[in-house]
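>>> Sequence first, predicted coordinates after that:
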Amino acid sequence: MTRYPMKLVTIVTEALARDHVTRALRELGASGYTLFEVEGEGARGSRIADIEEFANIQIEVVVPPEAAERILDRLHRDFFPRYAMIAFESDIRVLRSDKF
Amino acid sequence: MTRYPMKLVTIVTEALARDHVTRALRELGASGYTLFEVEGEGARGSRIADIEEFANIQIEVVVPPEAAERILDRLHRDFFPRYAMIAFESDIRVLRSDKF
Amino acid sequence: MTRYPMKLVTIVTEALARDHVTRALRELGASGYTLFEVEGEGARGSRIADIEEFANIQIEVVVPPEAAERILDRLHRDFFPRYAMIAFESDIRVLRSDKF
Amino acid sequence: MTPDLLEAVRANLLTPAALFFLLGVLATVVKSDLRFPEPLYVGLTIYLLCAIGFKGGVAIAEAGLGEVWLPGLAAAVVGGAIPLWTYPVLRGLGRFKPVDAAAIAGHYGSVSAVTFIAATTFLGTIGVFYEGYAAAFLAVMESPAIIVGILLGKAAMDRTDGGAVVADPIGRALREALFGKSVFLLLGTLLVGFLSGTAGMQATAGFFVTPFQGILALFLLELGTVAGRRLGDLRRVGLFLLGFGVVVPLIHGALGVGLGYLTGLSLGGATLMGVLSASASYIAAPAAMRLSLPDANPTYYLTSSLAITFPFNITIGIPLYYGMALALYGGQP
Amino acid sequence: MTPDLLEAVRANLLTPAALFFLLGVLATVVKSDLRFPEPLYVGLTIYLLCAIGFKGGVAIAEAGLGEVWLPGLAAAVVGGAIPLWTYPVLRGLGRFKPVDAAAIAGHYGSVSAVTFIAATTFLGTIGVFYEGYAAAFLAVMESPAIIVGILLGKAAMDRTDGGAVVADPIGRALREALFGKSVFLLLGTLLVGFLSGTAGMQATAGFFVTPFQGILALFLLELGTVAGRRLGDLRRVGLFLLGFGVVVPLIHGALGVGLGYLTGLSLGGATLMGVLSASASYIAAPAAMRLSLPDANPTYYLTSSLAITFPFNITIGIPLYYGMALALYGGQP
Amino acid sequence: MTPDLLEAVRANLLTPAALFFLLGVLATVVKSDLRFPEPLYVGLTIYLLCAIGFKGGVAIAEAGLGEVWLPGLAAAVVGGAIPLWTYPVLRGLGRFKPVDAAAIAGHYGSVSAVTFIAATTFLGTIGVFYEGYAAAFLAVMESPAIIVGILLGKAAMDRTDGGAVVADPIGRALREALFGKSVFLLLGTLLVGFLSGTAGMQATAGFFVTPFQGILALFLLELGTVAGRRLGDLRRVGLFLLGFGVVVPLIHGALGVGLGYLTGLSLGGATLMGVLSASASYIAAPAAMRLSLPDANPTYYLTSSLAITFPFNITIGIPLYYGMALALYGGQP
Ligand SMILES: Nc1ncnc2c1ncn2[C@@H]1O[C@H](COP(=O)(O)O)[C@@H](O)[C@H]1O
Ligand SMILES: Nc1ncnc2c1ncn2[C@@H]1O[C@H](COP(=O)(O)O)[C@@H](O)[C@H]1O
Ligand SMILES: Nc1ncnc2c1ncn2[C@@H]1O[C@H](COP(=O)(O)O)[C@@H](O)[C@H]1O
Ligand code: NA
Ligand code: NA
Ligand code: NA
């Protein structure tokens, strides 16, 4: 069966940024997203998820390459300066190109 | 040290599909799998994991390329029509080729 | 905007190995890490996370390629013989090369 | 409605249990971010099932099995039989696909433990006696309908296509129906209560009895948000299912009350039998159906049991079934 | 301090609540791996908010709204006004950026439910009466200051740069302030308690009253670890905020006690009004600020409210505000 | 067995605690999907440790330290000494590798809080007095054996290979043994109970006492499933460990009972000292060993402590140690 190349954009950020980020993803054309709570350590100290104010989430989005560009650019401009956040993209292959 | 190329197959689906999917993975030759609860939004609405009936899981399997083919084909045929599900594969490198 | 290639190292292991692994990651130059609880099945049986003694975690680290080499080699030598563990690396692209 | 009945509805709506449920629904309507973490939901479920099972078991030990078996058998039979007439209704009038009709029918034959518990606190509030061992009826009514529903669905699929590729064989379905966590917990703690008896109850009443009603209220707050979030699905399931989810409980409620009367239960016991017959499962049945009938659309059965029948029963249904019992028993407990 | 006051501080420090809090702080100091899972923390928070709201609602039903509205209105007004003078202080003396000053000011006008609850158990321990409906003041003081703080911050940002790119519009901020989970739970359960009244309380006292103080103690153990883990941030926030986090509560405490006196509350009620004014929010306010003022640095407001003001109030502040009330009421309750 | 002893075994097996444990084991045997979410397990553990520690501390405050120190010291010494003879047995008779023998030996010198708690409820059920401050023995017995076990293991590794590459240095091991969460909670809440005394107990008894036995029962349901899931490992650990896990507790139980007698405890207190000596750790010890002796195979120590010794003690062991005490004290409490 054919596989269609897509991008997986992964974002790790503060739990309280959740609504902002998911709204931006939808605006930029993501058809959906997957999200879960994580702990982490980085430049802005450790986020050990003991209470929501210090909790961390990971968001994963499958999108076509152009959308991945747009998402990362938007994160860089609007979100990186304000939230504890990392983001990266990688190559994946899916079965239904029309789904994403 | 040598690195061996493998495939990572990632599946996001309903919590109640868990047993079906893991059984299929074992049948198709996966040596193991890793699983965790996630929330998500997609074509079939939002699965916010408030109760098991509406919960979502992510399953990750490391397999040789041929097995990845088999797994995706099987998911496409038997699972996509029945469950809220997305699946994709990506390239990874491992240290012990005999383990997977 | 430029994207810089990095490596994502993914480790799945016993919850009780947590401190050992994260200390090793820091020693080997990781600028941070992300961690979450998972369930799993593999060669050493199923780790269904009912209590910490049998729980599993997944650790993800974004690092430059050389650091990825060092980390995998160290895991192979010191950790694989002692803990239930799998580890692999994949290619990703980030926006801020100086962050990792 | 008679004044008595109106009074009963009012009394039920003003219990903390019903009010917390409505508060939960309200939370979703105003889009509050109130949300119980899943482990809390699971923990409260486990507590409620253990407490009700344990108390029921102690009550059986105190009353003797001789008194329990007849209404218990009747309960199990009616539970298993309900899908046999709801299935054709869903097929004929509702125009549902066979597998969807079978899955929904299974849910309505099975029972909702929380509805049952809310009914016992309602009876407690208005001071009406009921048989403590009624929890046994709850325990035996959960599985039969699920099994019948799955058999109906499988039979239908065999007649149509090879849809069973990923579905579980019947054996697994039976195991799920019998050892799924809610059935297992209820039956198991019934047994524990039966074995440890009055002494066991004395030791643990501070946990299984003292905070029980408050914990139920808290749990209903969460269930209110769950139900509220599904209100949006009401449009998708169609008017038929909306009517079905209200009318069928009324019929089954009357049936259950009558059955309780015939098998010698008290006014309160017959009310509970009515409540059980009228309630629809939203824990055991969905899990079993998703595994065994994956071709059934879960939106239908989850929406009707969680967002229609459950709220109806918890607010208005319970006092109505009590009203039916009152009428049957000649107005005197 | 007078002997009475010293005795009050000692009594407060020896309550299980305060001791469990200190034990939690100690856990982080000795680097114990003690940690509550987040769902447990959320569950305990929900319990405490529901219990306090429900009990307050029952108390309103028993006392009548006529007695509650005046002090309630005063509480809401003082809460909303506090940011108006703390903002210029933070700007002028503290040299904070406008958006940071606005966010911190909003936290100190809003309230901490747990501090309030600890104060009620302190009053209970030393046997001082307080109006049961004081929980209503807690409920109405949470939102106004958050809204004022956000407005101050937005106004400042409009004057400076286009920083609002990712920030929520005012409408969302209002919704968050009014329907965020802690405000919603408090107001909602107040209403439930009001509607179900004494009968509802009787049914659920075994859950909302019996274990209440012990659960508070357990929760404070966890909050102690949360606060303890933030001790390291004290260096980062600077000496000014350290002083601010202790002095401002003292001033607001006196203000609140006076207000309670003027609006006719008892000695205990005025103490609680003092505690509320003195406390700073660490649940509702941070969530609202992070959404609506994302350019404000959360380290400032979280550290000052969680790691400075909260520990101060829970250990020494509460008996001090009680001492102020004692002095004002002429030493006799 | 004497009739008295048989009666004690029967009484213990019919407590809700033991029955819930067996129900949990049964759940895994019939492959039910019953499972407690981890946060619930952690929450229940924290509750049980806090409750037992707090009550013990209050009891010390009431009895005075003078009465507690001698049996407390004896308990700590016997705990630390147990690995010294179990290690050679495991090496010589069991043919375990040094590091495995050291890890297992450490587990059996340390203690299981839940076994202790189950023993107190057993004594409560049959109406036998015990010193309330016995929880202090539990607290002081947890760490010494872990430290001794780790030292034995490290010494063995130094003699063999450089296996310590990833292992923690001794310093971290000590910290883990002393400030690991279970030890920290027990010692900390002992102190809190001691400081807040009778008044503190009155305030919080509704949480730390009233629901205690019921919560223990619920927790044992979960521990039953944990133990049940490990039954499959029994084959892997070999017959020797199976025998070890039953015989060694019997010997240590007798030893502990004798020690309780010699240090002046009552019949009930001596029983508890026996139970503590006989029990094996399954929380603190595994965590410490996995960190400090990563070359030890966890299947050995987890299976023997969780799937052999714990179930044995909880069902038959406790009444047996009580029987031993009865014999020693001449049959009269
Ligand atoms: N090098 C890294 N690898 C993986 N995750 C990271 C890394 N650096 C930061 N993170 C994650 O991103 C979050 C925010 O990072 P920071 O803003 O650097 O504190 C952290 O809490 C981690 O969860
Ligand atoms: N574009 C996407 N990126 C990431 N996850 C997705 C995406 N679309 C769907 N999902 C996940 O897959 C689940 C099922 O998707 P769906 O069947 O489209 O509702 C959702 O609940 C999400 O967790
Ligand atoms: N093929 C696999 N794919 C994904 N995860 C795996 C795989 N094999 C093992 N794991 C994970 O790694 C953990 C340890 O593996 P093992 O040492 O093989 O028992 C398991 O509990 C799984 O979570
Ligand atoms: Na029914
Ligand atoms: Na305030
Ligand atoms: Na021991």
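Done, it's in. Ligands and ions are numbered 1, 2, ... in the order given.
>>> Just give me the neighbour total for D:L328.
Using other Cβ atoms under 10 Å in any protein chain shown, D:L328 has 17 neighbouring residues. Yep, even glycine has a C-beta here, placed from its N, CA and C like the rest.
>>> list the contacts for it?
D:V257, D:G258, D:Y261, D:A270 (Cβ atoms under 8 Å, 6 or more residues apart in numbering or on different chains).
>>> Using the three-state scheme, assign the closest residue to D:K181 other than its chain neighbours.
Sequence neighbours aside, F:L34 is the residue nearest to D:K181 in space, at 4.3 Å (criterion: Cβ to Cβ, 6 or more residues apart in numbering or on different chains). Per DSSP: H, G, I helix; E, B strand; the rest coil, the local secondary structure of F:L34 is coil.
>>> quick one, phi/psi of F:L34?
The phi and psi torsions at F:L34 (degrees, to the nearest 10) take the values phi -60, psi 130.
>>> neighbours around it, how many?
Using other Cβ under 10 Å, F:L34 has 25 other residues around it.
>>> Now do the contacts for it.
Listed by Cβ under 8 Å, 6+ apart, the contact set of F:L34 reads D:K181, D:F184, D:L185, F:G24, F:A27, F:T225.
>>> 7 Å instead?
Neighbour list for F:L34: D:K181, D:F184, D:L185, F:A27, F:T225 [criterion: Cβ atoms under 7 Å, 6 or more residues apart in numbering or on different chains].
>>> again, but for D:F310
Taking Cβ under 7 Å, 6+ apart, one finds D:S112, D:T115, D:A227, D:Y282 in contact with D:F310.
>>> now D:S112
D:S279, D:A280, D:S281, D:Y282, D:F310.
>>> Could you do D:L23 as well?
By Cβ under 7 Å, 6+ apart, the neighbours of D:L23 are D:L221, D:G224, E:G188, E:V192.
>>> cool, and D:V42?
D:V42 neighbours (Cβ under 7 Å, 6+ apart): F:P37, F:L40.
>>> That one and B:A15: what is the separation?
Distance of D:V42 to B:A15, computed by Cβ to Cβ, to the nearest Å: 12 Å.
>>> cool, D:V148 as well?
25 Å.
>>> again, but for A:L16
A:L16 is 26 Å from B:A15, by Cβ to Cβ.
>>> Check which helix or strand residue 19 maps to.
In the absence of a named chain, chain A is used. A:D19 belongs to helix A:18-27 when assigned by DSSP states H and E.
>>> I was thinking of chain D, sorry if that wasn't clear
helix D:16-29.
>>> For that helix, what does the pLDDT average out to?
The pLDDT scores in helix D:16-29 average 96.
>>> Run the chain-centre distance for it.
Its chain's C-alpha centre and that of helix D:16-29 lie 19 Å apart, by Cα atoms, centre = their mean, to the nearest Å.
>>> and D:G66, how many neighbours does it have?
7.
>>> how many other residues sit next to the residue of chain D found nearest chain F?
Closest approach between chain D and chain F, counting by Cβ to the nearest Cβ: D:F207, at 2.2 Å. A count of nearby residues for D:F207, using other Cβ under 10 Å, gives 25.
>>> Show the low-confidence segments of chain A, by residue range.
Within chain A, the segments meeting pLDDT under 70 span A:49-50.
>>> For it, which segments count as strands?
Taking DSSP state E as the criterion, chain A carries its strands at A:4-14, A:33-42, A:45-47, A:56-63, A:85-94.
>>> Out of these, flag the one nearest ligand 4.
Smallest distance to ligand 4 across the strands of chain A (Cβ to the ion): 35.9 Å, for strand A:33-42.
>>> outside of the helix holding A:D19, which residues touch it?
By Cβ under 7 Å, 6+ apart, the residues outside helix A:18-27 that reach it are A:I11, A:T13, A:Y33, A:I57, A:I59, A:V61, A:I71, A:R74, A:F79, E:V166, E:L291.
>>> Grab the nearest non-local neighbour of D:G109.
Nearest to D:G109 is D:A145, by Cβ to Cβ, 6+ apart, at 2.4 Å.
>>> Any residue of the helix or strand encompassing the one you found touching ligand 4?
Assigned by DSSP H and E, D:A145 belongs to helix D:135-160. No - shown here: helix D:135-160 not in contact with ligand 4 (Cβ under 5 Å from the ion), separated by at least 6.8 Å.
>>> by contact count, what packs against that helix?
Here helix D:135-160 touches helix D:38-63, helix D:65-92, helix D:98-109, helix D:170-179, helix D:181-208, helix D:267-278, helix D:284-292, going by 3 or more Cβ pairs under 7 Å, 6 or more residues apart in numbering or on different chains; DSSP states H and E.
>>> Of these, give the one that comes closest to D:L123.
Closest approach to D:L123 among the helices and strands packed on helix D:135-160 (Cβ to Cβ): helix D:267-278, 4.9 Å.
>>> and that closest one, what's its mean pLDDT?
Helix D:267-278 shows a mean pLDDT of 98.
>>> Could you list every helix and strand that that helix packs against?
Where contact means 3+ Cβ pairs under 7 Å, 6+ apart, helix D:267-278 is packed against helix D:65-92, helix D:113-125, helix D:135-160, helix D:234-262, helix D:318-328.
>>> ok, now with 10 Å
Packed against helix D:267-278 by the contact rule (3 or more Cβ pairs under 10 Å, 6 or more residues apart in numbering or on different chains; DSSP states H and E) you find helix D:65-92, helix D:98-109, helix D:113-125, helix D:135-160, helix D:234-262, helix D:318-328.
>>> mind listing what's buried in stretch D:314-321?
D:I314, D:T315, D:I316, D:G317, D:I318, D:P319, D:L320, D:Y321 (16 or more other Cβ atoms under 10 Å in any protein chain shown).
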